[in-house]
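Student: sequence? don't have it. structure:
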């Protein structure tokens with residue numbers, strides 16, 4: 001059976017080639033057609049198309065039309081046959097070509113009849129043509145659906161280098177938010193933005209099907225059925241683009257629905273939007289544009305209309321989500337996502353403008369440009385709100401142990417991340433009068449402030465506000481020494497965050513040196529506030545006798561040792577619970593304490609210890625050797641309250 005079919009196809013193909021190559025002599029042509037017709041009845045169709053069947057008394061127009069009509073009607077005469085459902089282009093290309101040849105013949109006939117009217121034939125031709133167009137429209141949709149390349153998230157995301165950015169919060173509570181930044185900073189705030197290759201387009205339709213689609217589109221347009229062809233194309237491809245958005249995680253949500261989403265879920269949707277707007281614009285829509293240009297290559301106008309009508313729903317859905325973000329509540333945790341959305345849209349806007357060149361497309365691009373401006377305003381407003389929040393943050397609970405305040409962690413991690421967006425923020429802030437407002441009150445070099453970027457100016461002001469706030473919070477501690485420990489911890493933390501990031505380049509070495517000088521001043525003030533009382537117990541004044549045994553007041557001497565012990569033990573008990581997290585600062589403080597306390601204690605012991613040693617209850621007063629004190633000082637600032645054991649040491653009698 002298969003051999004018979006192949007033979008049929010070869011005979012038909014040979015006959016077509018022979019007829020095409022016939023000479024110009026009409027008699028020779030007709031003789032050859034007659035011979036071929038008698039040779040095999042399988043050639044009757046071609047014979048009829050070329051000659052009209054040779055029926056006597058009929059016009060050539062009628063003969064040609066009936067031959068073509070026979071082919072067209074054959075596909076619609078029996079609804080139960082497989083042919084009725086599809087031309088099976090990939091299975092029967094010869095049958096499809098025959099059908100298209102019949103359509104071409106009818107089209108030529110209608111053109112001829114325009115010049116030489118034949119009303120009856122013209123009406124029949126138009127009816128058959130309409131029937132053929134309906135069949136081609138169905139086949140057009142069928143091919144579009146059948147040949148669509150399956151899309152999946154892996155294939156779409158694989159078209160660009162995936163961006164990973166995670167910023168989580170619990171809607172503004174500093175304590176939880178600052179820890180989430182710390183935990184995720186190294187792993188999730190690495191690289192921003194995506195890189196695109198030179199050729200991002202993907203095949204949305206199997207390439208082999210494009211030629212078939214073009215063949216059908218050409219005939220439908222030529223027949224005056226371009227509207228039906230466009231509608232068929234748009235309806236199928238629009239659904240494909242909708243599915244693409246769904247695969248990328250972009251849901252169809254109203255502005256009101258977006259604004260009701262809690263932050264963690266919204267954060268995920270914003271991340272997906274950022275990816276989707278890049279992939280859709282630079283991969284999917286560019287592929288769709290190329291497909292339209294190929295299928296409708298015969299008409300640039302129709303290609304533009306089909307592309308715009310197919311793609312605009314997808315673009316509108318993306319823009320609607322961005323609009324919901326713009327008019328939603330601006331809160332500090334959203335800033336980085338808003339900036340990412342701003343950058344993503346700014347990067348693809350030229351691509352959108354290149355893709356949509358007609359009037360309808362220009363309207364889409366204008367809307368996208370407006371959304372971009374809205375995102376920029378949202379970013380500026382959110383940043384300003386963050387600055388105000390830092391200035392006005394008024395928590396009244398002192399941090400245990402004089403540790404780094406959550407506000408400092410929150411602000412510095414936030415600021416450190418903002419530096420990654422310097423280009424965008426400088427662009428947004430450079431025209432803003434707010435960029436330098438309030439900097440006159442800062443003590444930094446005013447000449448340098450005028451020469452640095454808008455974002456650097458704003459960050460200087462922001463950190464200055466943080467420092468002022470921390471200064472106020474230090475006063476929550478009743479112990480003056482602990483105030484300085486708190487300030488040392490926090491200012492040093494700020495300095496380290498600046499030095500270990502691009503902030504150092506923005507703010508400069510002079511800024512860092514100034515803060516390090518502040519830390520040293522706080523250390524000096526701490527020593528004075530904490531150890532002055534201890535050291536006052538080791539002074540000679542009031543003991544008498546210049547150290548001679550006859551004039552030394554043992555009562556006063558015992559009181560001095562007793563007060564020293566009590567003061568030292570109180571400091572030990574309190575300051576072992578204080579915490580200095582930076583190991584270098586912790587070690588420097590211990591060394592500074594040792595350099596002041598140990599020499600003074602050794603000297604005092606050397607001059608007056610002998611007056612009590614050997615006496616009754618001497619160990620009650622001279623509890624510690626200098627070595628004991630040195631060891632105990634190593635326990636300070638570890639954040640774990642210490643208890644002095646075996647306070648009395650045995651003294652030789």
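Tutor: Happy to help now that I have it. Note that the structure is a prediction, hence the values are computed from the model and not measured. Numbers count the residues shown, from 1 in each chain.

Student: okay, now residue 107: neighbour count?
Tutor: When counting by other Cβ atoms under 10 Å, one arrives at 18 neighbours for residue 107. Backbone N, C-alpha and C define where each C-beta goes, glycine included.

Student: so it versus residue 252, what's the distance?
Tutor: 42 Å (Cβ to Cβ, to the nearest Å).

Student: and residue 628, that's in a helix?
Tutor: Yes - under the criterion used here (DSSP: H, G, I helix; E, B strand; the rest coil), residue 628 sits inside a helix.

Student: ok, now how distant is it from residue 597?
Tutor: Relative to residue 597, residue 628 is positioned 12 Å away (criterion: Cβ to Cβ).

Student: same check, this time on residue 290
Tutor: In this structure, residue 290 and residue 597 are separated by 80 Å, where distance is defined by Cβ to Cβ.

Student: just to revisit the earlier point, residue 628 and residue 597: which is more packed in?
Tutor: Between residue 628 and residue 597, residue 597 has the larger neighbour count (other Cβ under 10 Å), namely 22 against 15.

Student: do you know how far that one is from residue 603?
Tutor: Separation of residue 597 from residue 603 (Cβ to Cβ): 11 Å.

Student: same check on residue 272?
Tutor: 71 Å.

Student: same check, this time on residue 123
Tutor: Distance of residue 123 to residue 603, computed by Cβ to Cβ: 127 Å.

Student: all helices for the stretch 301-450 of the chain, in order.
Tutor: Under the criterion DSSP state H, counting those that start in this stretch, helices of the stretch 301-450 of the chain are mapped to 335-355, 359-392, 406-418, 422-429, 446-449.

Student: lowest-confidence stretch among those helices?
Tutor: Per-segment mean pLDDT for the helices of the stretch 301-450 of the chain reaches its minimum on helix 446-449, at a mean of 46.

Student: now the element after that helix, going C-ward?
Tutor: For helix 446-449, the following helix or strand on the C-terminal side (DSSP states H and E) is helix 454-474.

Student: any idea of the mean pLDDT for that next one?
Tutor: Helix 454-474 comes out with an average pLDDT of 94.

Student: where do the domain boundaries of this structure fall?
Tutor: 2-147, 171-201+229-383, 400-528, 537-633 (automatic domain parsing).

Student: elements contacting the helix or strand where residue 70 lies?
Tutor: Element membership of residue 70, judged by DSSP H and E, is helix 60-74. With contacts taken as 3 or more Cβ pairs under 8 Å, 6 or more residues apart in numbering; DSSP states H and E, helix 60-74 sits against helix 44-51, helix 93-115, helix 119-147.

Student: tell me the average confidence for the shortest one?
Tutor: Predicted confidence along helix 44-51 averages 47 (mean pLDDT).

Student: same question for the last one.
Tutor: Helix 119-147 comes out with an average pLDDT of 86.

Student: list the buried residues in that helix.
Tutor: Of the residues in helix 119-147, those buried under the neighbour-count criterion (16 or more other Cβ atoms under 10 Å) are 121-122, 124-125, 128-129, 132-133, 135-137, 139-144, 147.

Student: got it, and stretch 559-574?
Tutor: 560-561, 564-565, 567-569, 571-572, 574.

Student: can you list contacts of that stretch?
Tutor: Stretch 559-574 is touched from outside by 479, 530-531, 533-534, 537-538, 543, 601, 604, 608, 612, 621-624, 629, 632, 635-636, 641-644, 647, with contacts defined as Cβ atoms under 8 Å, 6 or more residues apart in numbering.

Student: cool, stretch 481-493 as well?
Tutor: Stretch 481-493 is contacted by residues 398-399, 402-405, 408-409, 412, 467, 470-471, 473-475, 477, 515, 518-519, 522-523, 525-526, 529-530, 575, 578-582, 585, 637 when judged by Cβ under 8 Å, 6+ apart.

Student: hmm, back to that, can I get the domains of the chain in a markdown table with distance to residue 217?
Tutor: As requested, the domains of the chain are exported to a markdown table (distance: least, Cβ to Cβ, whole Å):
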| stretch | distance to residue 217 |
| --- | --- |
| domain 2-147 | 7 |
| domain 171-201+229-383 | 5 |
| domain 400-528 | 43 |
| domain 537-633 | 71 |
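
Student: lowest-confidence stretch among these?
Tutor: For those, the weakest mean pLDDT is recorded on domain 2-147, namely a mean of 64.

Student: just the buried residues of the contacts of stretch 481-493.
Tutor: Restricting those to buried positions leaves 398-399, 402-405, 408-409, 412, 467, 470, 473-474, 477, 515, 518-519, 522-523, 525-526, 529-530, 575, 578-580, 582, 585, 637, with burial counted as 16+ other Cβ under 10 Å.

Student: quick revisit: which one of the buried residues of stretch 559-574 sits closest to residue 305?
Tutor: residue 574 (79.9 Å; Cβ to Cβ).

Student: A helix includes that closest one, no?
Tutor: Yes - with three-state DSSP as the criterion, residue 574 is located in a helix.

Student: against residue 395, how distant is it?
Tutor: On the measure of Cβ to Cβ, residue 574 and residue 395 end up 23 Å apart.

Student: try residue 112
Tutor: Plainly put, residue 112 is 90 Å away from residue 395 if you go by Cβ to Cβ.

Student: of these two, which one has the most company?
Tutor: Neighbours per residue (other Cβ under 10 Å) separate residue 112 from residue 395, with residue 112 holding more: 17 against 14.

Student: circling back: next, the buried residues of the helix holding residue 70.
Tutor: Those would be 61-72, 74, for helix 60-74 by 16+ other Cβ under 10 Å.

Student: next one: stretch 300-320
Tutor: Judged by neighbour count (16+ other Cβ under 10 Å), stretch 300-320 contains these buried residues: 302-315, 317-320.

Student: can you give me the end-to-end span of stretch 619-632?
Tutor: Terminal residues of stretch 619-632 lie 18 Å apart, using Cα to Cα, to the nearest Å.

Student: which of the residues in that stretch are buried?
Tutor: Of the residues in stretch 619-632, those buried by neighbour count under the rule 16+ other Cβ under 10 Å are 620-624, 626, 629-630, 632.

Student: then stretch 204-223?
Tutor: Using 16+ other Cβ under 10 Å, the residues of stretch 204-223 that count as buried are 204-205, 209-210, 212-213, 215-221, 223.

Student: turn those residues into a markdown table, including pLDDT and secondary structure.
Tutor: Listed next are the buried residues of stretch 204-223 as a markdown table, based on pLDDT from 0 to 100; DSSP: H, G, I helix; E, B strand; the rest coil:
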| residue | pLDDT | secondary structure |
| --- | --- | --- |
| 204 | 83 | coil |
| 205 | 87 | strand |
| 209 | 91 | helix |
| 210 | 93 | helix |
| 212 | 92 | helix |
| 213 | 94 | helix |
| 215 | 93 | helix |
| 216 | 93 | helix |
| 217 | 95 | helix |
| 218 | 94 | helix |
| 219 | 92 | helix |
| 220 | 93 | helix |
| 221 | 94 | helix |
| 223 | 90 | coil |
